[in-house]
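> everything below, folded, please.
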Amino acid sequence: MSHRNDTHLKSIGYILWIFGFTGSHRFYYGKPVTGTIWFFTLGLLFVGWIVDFFLIPSMDRQADFRYRSGNLDYTVAWILLTFLGLFGIHRFYMGKWFTGIVYLLSGGIFGIGYLYDFWTLNDQVSLINSGR
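Numbering: from 1, shown residues only. Predicted coordinates:
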């Protein structure tokens with residue numbers, strides 16, 4: 001029996017790949033170290049970015065096996081973080097009201113918390129989805 005969590009979407013991965021020289025697709029798929037490297041090296045001078053076009057299906061499979069599906073949708077959380085993260089909207093979505101208010105009043109704790117969430121959002125959502 002092949003049960004597959006579909007926690008991440010290939011279509012979102014490819015949309016983020018368009019901006020892949022920033023590492024955004026790698027953060028989405030739970031690869032913060034290489035996402036950071038891509039960010040500072042323009043996708044390893046665009047070569048790694050081009051190679052990633054072909055690696056997205058395997059990154060998607062790995063994320064689907066690594067992270068737990070549940071009530072929270074990873075894609076919604078990522079969209080909220082990416083576009084409204086400095087205001088803590090993704091934290092409100094995850095039910096983290098206190099830190100959501102803190103982010104709202106402090107610009108994502110002056111951007112540091114916002115960056116932290118890029119590194120940890122998949123794990124935060126997975127933990128909530130597992131009921132812990």
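
> what sits against the residue nearest the centre of the chain?
For the chain, Tyr28 is the residue whose C-alpha lies nearest the centre (C-alpha atoms, centre = their mean; 3.2 Å). Under the criterion of C-beta atoms under 8 Å, 6 or more residues apart in numbering, the contact partners of Tyr28 comprise His8, Ile12, Gly13, Leu16, Ala63, Trp78. (C-beta placed from N, C-alpha, C; glycine too.)

> find the nearest non-adjacent residue to the fourth one, please.
Spelled out, it's Leu16. If you skip the residues right next to it in sequence, Leu16 has His25 as its closest partner in space, 3.9 Å away by C-beta to C-beta, 6 or more residues apart in numbering.

> so the one you found: helix, strand or coil?
Taken by DSSP: H, G, I helix; E, B strand; the rest coil, the conformation at His25 corresponds to helix.

> what about Met59, how many residues nearby?
When counting by other C-beta atoms under 10 Å, one arrives at 21 neighbours for Met59.

> again, but for Leu121
Neighbour number of Leu121 under other C-beta under 10 Å is 24.

> that one: what secondary structure?
When the rule is three-state DSSP, Leu121 gets the label helix.

> doesn't Ala77 make contact with it?
Yes - with the criterion set as C-beta atoms under 8 Å, Leu121 and Ala77 qualify as a contacting pair; they are 6.0 Å apart.

> any idea what sits nearest Leu84, other than its immediate chain neighbours?
Using C-beta to C-beta, 6+ apart, the nearest residue to Leu84 is His90, at 6.9 Å.

> the one you found touches Thr75, doesn't it?
No - the criterion here is C-beta under 8 Å, and His90 misses it with Thr75 at 11.5 Å.
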